[in-house]
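[1] Sharing a model that was predicted from the sequence below.
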Amino acid sequence: MAQELNKHNAEKIQGPDAIPVQLTINGKAQAFQLEPRVTLLDALRNHSTQTGAKEVCDRATCGACTVLLDGVPVYACMLLAIEAQGREITTVEGLAPDGKLTKVQEEFIACDGLQCGYCTPGFVLTVSALLAKNPKPSETDVRKACSGNLCRCGSYPRVVEAALKAAGVATASKCEVLTNV
């Protein structure tokens, strides 16, 4: 009896060599040969053509690597690619597969919610997930949802404004753009 239990509960050791990994990225199944230690971020950026998620801190503190996993924002730098098998991965490229920008993307542009743009894909995905869950968020809701994303340029007021406008929530602009300086 104990031998059968041990046999049933024994973990299957994978690696260290590359193993077959199946990922569904932006609705398309893709097959990879990856070492089990490869993160989802590395798989996306270096083994596929999806480079929207950025590697910045590699410590799950900045949000530049954010992707959606079954619609929930996750740090791709902290998730092994093999753990994402059987789940739907959405990258920023997957939001507008036909080239037509989403309302969130349009408002990020209209509100100048991106300066250098490095953090923008993570913010766009985080805001998109928020609006899917809460179509009419408050400013506090947006700030809380985006609290795991850092912008070194300081575009936070514009990110919040873009999120609220994408949701159709009336805002008073807190940003003034000087054009004749």
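    Looks like it arrived, so ask away.
[2] so where do the strands sit in this structure?
    19-25, 28-34, 66-69, 72-75, 88-90 (DSSP state E).
[3] closest to Glu4 out of those strands?
    strand 19-25 (26.7 Å; Cβ to Cβ). (C-beta placed from N, C-alpha, C; glycine too.)
[4] now the angle between strand 28-34 and the closest one, please.
    Using axes from the mean of the first three to the mean of the last three Cα atoms, to 10 degrees, the inter-axis angle of strand 19-25 relative to strand 28-34 is 150 degrees.
[5] Which residue ranges of this protein form helices?
    For the chain, the helices defined by DSSP state H cover 2-9, 40-47, 103-110, 120-133, 139-145, 156-166.
[6] what's the most buried one of the strands of the chain?
    Of all the strands of the chain, strand 66-69 has the most neighbours on average by mean count of other Cβ atoms under 10 Å, namely a mean of 24.
[7] So what touches that one?
    40, 44, 53, 73-76, 79, 84, 87-91, 121-123, 125-126, 128-129, 148-149 (Cβ atoms under 8 Å, 6 or more residues apart in numbering).
[8] check contacts around the residue nearest to Ala170 when sequence neighbours are not counted.
    Setting aside the residues directly before and after it, Ala170 is nearest to Leu164 in space (Cβ to Cβ, 6 or more residues apart in numbering), at 7.9 Å. Applying Cβ under 8 Å, 6+ apart, we find Leu164 in contact with Pro137, Glu139, Val142, Ala170, Thr171.
[9] quick revisit: any chance of a markdown table for the strands of the chain, columns mean pLDDT and distance to Ala2?
    A markdown table is the format used below for the strands of the chain (pLDDT from 0 to 100; distance: least, Cβ to Cβ, whole Å):
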| stretch | mean pLDDT | distance to Ala2 |
| --- | --- | --- |
| strand 19-25 | 98 | 30 |
| strand 28-34 | 98 | 35 |
| strand 66-69 | 98 | 37 |
| strand 72-75 | 98 | 38 |
| strand 88-90 | 98 | 40 |
